[in-house]
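Colleague: coords please:
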Amino acid sequence: MNAARRPRQLAALIAAQVCLHSAMAGVRMAAPLWLLREGHTAAAVGLVLALFGVAPVLLALRAGRLVDRHGYHAALRWSAGLACVGALAALAASLRPMAGGPALAMLCLAAGCLGGGANAGLIAIQREAGRLAVDVTDLKRVFSWLGLAPALANMVGPLLAGVLIDLAGFAIAFATLAALPLVALCVGPLIERSVPAGQSASRPTSTALDLLREPGLLRLLAFNWVLSTCWDAHNFALPVLAHTRGLSASALGGIFGTFAAAVVAVRLVIPWLAHRLQEAEVLSGAMAVTALLFAVYPLLQDAWAMALVACALGASLGSVQPMIMSTLHQITPPERHGQAIALRSMTINASSAVMPLVFGTLGGALGVGALFWLVGAAVGAGSWAARRPLVP
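Modeller: Residues are numbered from 1 along each chain as shown. Modelled structure (predicted):
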């Protein structure tokens, strides 16, 4: 691979992910607003939002096999097309003749297509990003830069949708969001075409679940699930904690903003420190620090103190994703990286769909403070297991 083209190709992968994820995030923000404006119930809103998470679980393995067999460009065309169809379905739902039950059905279709398409694109992009790295240290650098894409997309998509809704209405907003996956296709030619590692083989005899027999992969997915649970617990419990402390909406937004800024900051720093970082040490340290911060969180009363802890938590959790992806690419066969990434994606999305229900039950029964302490205890226990390196 031409080393001079690598920065351009990485930038193209980041741009593609920002476009796909922005389209999904924008519709995910706008669809509930449209449903509520048209008089739909909170249950309808919940159904649509749930489908954004359910579809990736159902389609992840298919997307992983597709990118392993046919490479990045074929998988990107499929995912961008699916995301574009989803945004166009949201556009159709927003038109007056579609009001009522058919509109809800169209938004359900939109959620499924956008959730599945954006996630399939992520699998293809992450697999291709791993192929750009020249060594283990470079893997950490590449995935640190790539980790900036979701943060940017979660800002760009909702902001773009909100501004367009206020200026021109829902239809224009959905139509604009539908164009973003096409932009992802436009930057595709910047990525070199390569023959997939497993393309020459005949029909594979093993399944994606057979990858769990790879040394270390099951442990890695378990660590990933525990840390993903920490993200979900923080997103769920912090608003409840802020409400009990009497904090304003702007204060809560500032705390979440501080958390997000710390995630971005640590991923900007990691590329410069990658040669000094060991995956097992970072994972173990991040889990230990997260456990400590979760123990402190329920004791805080002041918004500034919460923002300080949120900043430290963002730096801790934000450091994990590059290490997880670097390790995953080292412990799985190159010709099956797509399926390994798909298994990770399924774990995260399934957790995000189920754990808020668990948190609601535990929080109602034990209180939000106990929820923080239970999750903190689990991740703290995991930090000891993470000290043993996963890479032979």
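
Colleague: contacts, neighbours, all on C-alpha from now
Modeller: Noted.

Colleague: for the stretch 151-300 of the chain, which spans come out with low pLDDT?
Modeller: For the stretch 151-300 of the chain, residues meeting the criterion pLDDT under 70 lie at 194-209.

Colleague: Work out the gap between the one helix or strand Leu91 maps to and the centre of the chain.
Modeller: Per DSSP states H and E: Leu91 is located in helix 72-94. Helix 72-94 has its C-alpha centroid displaced from the chain centroid by 18 Å (CA atoms, centre = their mean, to the nearest Å).

Colleague: Convert it to CSV, retaining C-alpha atoms only.
Modeller: This file holds the C-alpha atoms of helix 72-94, laid out as CSV (Å, rounded to 0.1, in the frame of the first residue of the first chain):
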residue,chain,number,x,y,z
TYR,A,72,-15.0,-2.5,1.4
HIS,A,73,-16.6,-1.0,-1.7
ALA,A,74,-19.3,-3.6,-2.1
ALA,A,75,-20.2,-3.4,1.6
LEU,A,76,-20.3,0.4,1.5
ARG,A,77,-22.6,0.5,-1.5
TRP,A,78,-25.0,-1.9,0.3
SER,A,79,-24.9,0.1,3.6
ALA,A,80,-25.1,3.5,2.0
GLY,A,81,-28.1,2.4,-0.1
LEU,A,82,-29.9,1.0,2.9
ALA,A,83,-29.3,4.2,4.9
CYS,A,84,-30.5,6.3,2.0
VAL,A,85,-33.7,4.2,1.7
GLY,A,86,-34.2,4.7,5.4
ALA,A,87,-34.0,8.5,5.2
LEU,A,88,-36.2,8.6,2.2
ALA,A,89,-38.8,6.5,4.1
ALA,A,90,-38.7,9.2,6.8
LEU,A,91,-39.2,11.8,4.1
ALA,A,92,-42.2,9.9,2.8
ALA,A,93,-43.6,9.6,6.4
SER,A,94,-43.3,13.4,6.9
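
Colleague: which element follows it toward the C-terminus?
Modeller: Going down the chain from helix 72-94, the next helix or strand is helix 101-132, by DSSP H and E.

Colleague: Which elements pack onto that next one?
Modeller: In terms of contacts (3 or more CA pairs under 8 Å, 6 or more residues apart in numbering; DSSP states H and E), helix 101-132 is packed against helix 6-37, helix 42-70, helix 72-94, helix 136-146, helix 337-366.

Colleague: and it with helix 136-146, angle?
Modeller: For helix 101-132 against helix 136-146, the angle between stretch directions is 150 degrees (axes from the mean of the first three to the mean of the last three CA atoms, to 10 degrees).

Colleague: What's the mean pLDDT across helix 101-132?
Modeller: Helix 101-132 carries an average pLDDT of 89.

Colleague: by how many degrees do that helix and helix 337-366 diverge?
Modeller: 120 degrees.

Colleague: now helix 101-132, how far from the centre of its chain.
Modeller: 11 Å.

Colleague: now the angle from it to helix 6-37?
Modeller: Using the same axes, to 10 degrees: helix 101-132 against helix 6-37 is 160 degrees.

Colleague: Only the buried residues of helix 101-132, if you could.
Modeller: Judged by neighbour count (16 or more other CA atoms under 10 Å), helix 101-132 contains these buried residues: 103-132.

Colleague: Repeat that for stretch 377-392.
Modeller: In stretch 377-392, counting by 16+ other CA under 10 Å, buried: 377-380, 382-383, 386, 390.

Colleague: What values do phi and psi take at Thr41?
Modeller: phi -80, psi 170 (degrees, to the nearest 10).

Colleague: coming back round to it: and of the helices and strands packed on helix 101-132, who's closest to Val269?
Modeller: helix 136-146 (8.4 Å; CA to CA).

Colleague: which of the residues in the helix holding Leu91 are buried?
Modeller: Applying 16+ other CA under 10 Å to helix 72-94 flags 72-73, 75-94 as buried.

Colleague: For it, give the mean pLDDT please.
Modeller: Mean predicted confidence for helix 72-94 is 92.

Colleague: Output the contacting helices and strands for that helix.
Modeller: Using 3+ CA pairs under 8 Å, 6+ apart, helix 72-94 sits against helix 6-37, helix 42-70, helix 101-132, helix 170-186.

Colleague: Pick the most buried one from those.
Modeller: With neighbours defined as mean count of other CA atoms under 10 Å, the helices and strands packed on helix 72-94 peak in mean count at helix 101-132, which reaches a mean of 25.

Colleague: what angle separates it from helix 42-70?
Modeller: In terms of direction (the same axes, to 10 degrees), helix 101-132 departs from helix 42-70 by 40 degrees.

Colleague: Run the angle between helix 101-132 and helix 72-94 for me.
Modeller: Using the same axes, to 10 degrees, helix 101-132 lies at 160 degrees relative to helix 72-94.

Colleague: Domains in the chain, by residue range?
Modeller: 3-187, 209-385 (automatic domain parsing).

Colleague: Would you mind putting those into JSON lines with distance to Arg193 alongside?
Modeller: Listed next are these as JSON lines, based on distance: least, CA to CA, whole Å:
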{"stretch": "domain 3-187", "distance to Arg193": "8"}
{"stretch": "domain 209-385", "distance to Arg193": "15"}
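
Colleague: In CSV: the helices and strands packed on helix 72-94, plus distance to Ala222.
Modeller: Below are those laid out as CSV (distance: least, CA to CA, whole Å):
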stretch, distance to Ala222
helix 6-37, 25
helix 42-70, 17
helix 101-132, 19
helix 170-186, 32
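
Colleague: For Ala295, which of the ones you listed is the nearest?
Modeller: The nearest among the helices and strands packed on helix 72-94, by CA to CA, is helix 42-70 at 28.9 Å.

Colleague: how far out from the middle of the chain is the closest one?
Modeller: That offset, for helix 42-70, works out to 12 Å (CA atoms, centre = their mean).

Colleague: same check, this time on stretch 70-81
Modeller: With CA atoms, centre = their mean, you get 19 Å for stretch 70-81.

Colleague: Begin at 54 from now on, thanks
Modeller: Renumbered: residue one is now 54, and that last one reads stretch 123-134.

Colleague: Against Leu271, how distant is the spatially most central residue of the chain?
Modeller: In the chain, the residue lying closest to the centroid (CA atoms, centre = their mean) is Pro203, at 6.5 Å. According to CA to CA, to the nearest Å, Pro203 and Leu271 sit 25 Å apart.

Colleague: Before I go, just wanted to say thanks for your time.
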